[in-house]
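**Q** Here is a sequence together with a model predicted from it:
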Amino acid sequence: MAGKLIVLSGASSIGKKDMKKALLEDKDLGLLYVISMTTRPKKENEVDGVDYYFTETKNFAKSVSNKELLEYTEFNGYYYGTPKNQVMFLLQQNKNVLVDVEAEGVGPIKLNVPEALCIFLMPKSLEDLEQHIHDVYGDDTANERLRINKARMEMEIAPLFRNQVVMDDFDQAFLETKKMILDYLNQDN
């Protein structure tokens, strides 16, 4: 018997980080998290090996060419990817694993782990999400525009996800997401 993979995705700035944190803290789920690799600079409050594996672009490119990433993507000039060997090792150890990825990363993951549960966090409406992005990034017009365009593109991908959760009320969205995961974990392989 092998562990199960849960893939959390969603529109830009939807609250994926908060949902991930809540899911990992929930003892009923007992999920392990695989940290992503990135080429972006480490922020002041971040820790290498805790928040991300921070690496140089040439090392990231080597990981891509060696097929060491389950998926990868580029955003704002930096690359992000999920280390394949860590995910597969934990699954083989009968551990249930959570990863959070950009929407376009779900396709490559499903090719490697077709039975993975993929959940897309969505806004009540695109207008609500655009307002939220404006509220958070309004003082940085270029970043705001970039995130709004990214969110629009991700919302076009959303219909491809069978499992969607509307992030209107966080507590309700968490309970709905938790139920989906528990149902999936309790299924026979």
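**A** Now that the structure is in, tell me what you want to look at.

**Q** for the residue nearest the centre of the chain, what are its contacts?
**A** Per CA atoms, centre = their mean, the C-alpha nearest to the average position across the chain is that of residue 100, at 1.9 Å. Residues near residue 100 by CB atoms under 8 Å, 6 or more residues apart in numbering: 7, 8, 9, 16, 17, 20, 36. Using the backbone N, CA and C atoms, a C-beta is placed for each residue, glycine as well.

**Q** contacting residues around residue 128?
**A** Here residue 128 is in contact with no residues (criterion: CB under 8 Å, 6+ apart).

**Q** Please report the distance of it from residue 104.
**A** Residue 128 sits at a distance of 22 Å from residue 104 (criterion: CB to CB, to the nearest Å).

**Q** Residue 174 contacts residue 21, correct?
**A** No: taking contacts as CB atoms under 8 Å, residue 174 lies outside contact range of residue 21: 10.3 Å.

**Q** neighbour-wise, which of those two wins?
**A** The neighbour comparison of residue 174 against residue 21 (other CB atoms under 10 Å) goes to residue 174, with 18 against 12.

**Q** Grab the nearest non-local neighbour of the more buried one.
**A** Distances taken as CB to CB, 6 or more residues apart in numbering place residue 22 nearest to residue 174, at 5.2 Å, with adjacent residues excluded.

**Q** number of nearby residues for that neighbour?
**A** Other residues within reach of residue 22, judged by other CB under 10 Å, total 17.

**Q** could you pull out the strands for this protein?
**A** 5-10, 32-33, 37-38, 53-54, 69-75, 78-83, 97-100, 117-122, 163-166 (DSSP state E).
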